[in-house]
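[1] sequence first, then the predicted structure, then my questions.
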Amino acid sequence: MPEKGVKNLESRYPVHETIDAVERLLRSKGIKVFARLDQAGEAKAVGIEMRPMELLIFGDPKTGSPLMIQYPSLAIDLPLKALAWEAEDGKVYLSFNSSEYLVERHRLAGEPFKPVEGLLERAVH
């Protein structure tokens, strides 16, 4: 079930490969990857089994920093995040906050995250 503001794109790749593709594409565009978390791996380390799930935390300080100065509340959502996860039916999705949601939530001028959203869409197709 989609949550408000969350975009879920079906990926043709397994979870790990989906995040690999996203990470490769972001880095090729000069976007910094701050962290990559294997959430299923962390759960397994404490004895909890869950379907594959990985989170990528990324951004461009040259773009994000001026935005956070102008819109301080935006810092709650930056750096950006992309989550690859496997559903019960075995399908894999890439989920992230939509550009429209971030603009509306923080009352931003323009659509500063639209290009990144396009990159995420490209990575799964």
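    Yep, it's here.

[2] residue furthest from the geometric center of this structure?
    residue 47 (26.2 Å; Cα atoms, centre = their mean).

[3] what is the neighbour count of the closest residue in space to residue 75 that isn't next to it in sequence?
    Leaving aside its chain neighbours, residue 75 sits nearest to residue 68 (4.8 Å; criterion: Cβ to Cβ, 6 or more residues apart in numbering). (Glycine included, C-beta is placed from N, CA and C.) Residue 68 has 17 neighbouring residues, counting by other Cβ atoms under 10 Å.

[4] equivalent analysis for residue 113, please.
    Counted with other Cβ under 10 Å, residue 113 comes out at 26.

[5] that one touches residue 102, doesn't it?
    Yes: the criterion here is Cβ atoms under 8 Å, and residue 113 meets it with residue 102 at 5.5 Å.

[6] assumed residue 51 was part of a strand.
    No: secondary structure of residue 51 (DSSP: H, G, I helix; E, B strand; the rest coil): coil, not part of a strand.

[7] and it, what pLDDT?
    Residue 51 carries a pLDDT value of 98.

[8] quick one, phi psi at the residue nearest to the spatial centre of the chain?
    Here the mean C-alpha position of the chain is nearest to the C-alpha of residue 82 (Cα atoms, centre = their mean), at a distance of 1.5 Å. Torsion angles at residue 82 (phi, psi; degrees, to the nearest 10) stand at phi -130, psi 130.

[9] contacting residues around it?
    By Cβ atoms under 8 Å, 6 or more residues apart in numbering, the contact list for residue 82 reads 19, 22, 55, 56, 58, 94, 95, 96, 120.

[10] for it, name its beta-bridge partners.
    For residue 82, the beta-bridge partners under DSSP bridges are residue 56.

[11] tell me the pLDDT at it?
    For residue 82, the model assigns a pLDDT of 98.

[12] show me where the chain has helices.
    15-28, 39-45, 61-70, 99-106, 114-123 (DSSP state H).
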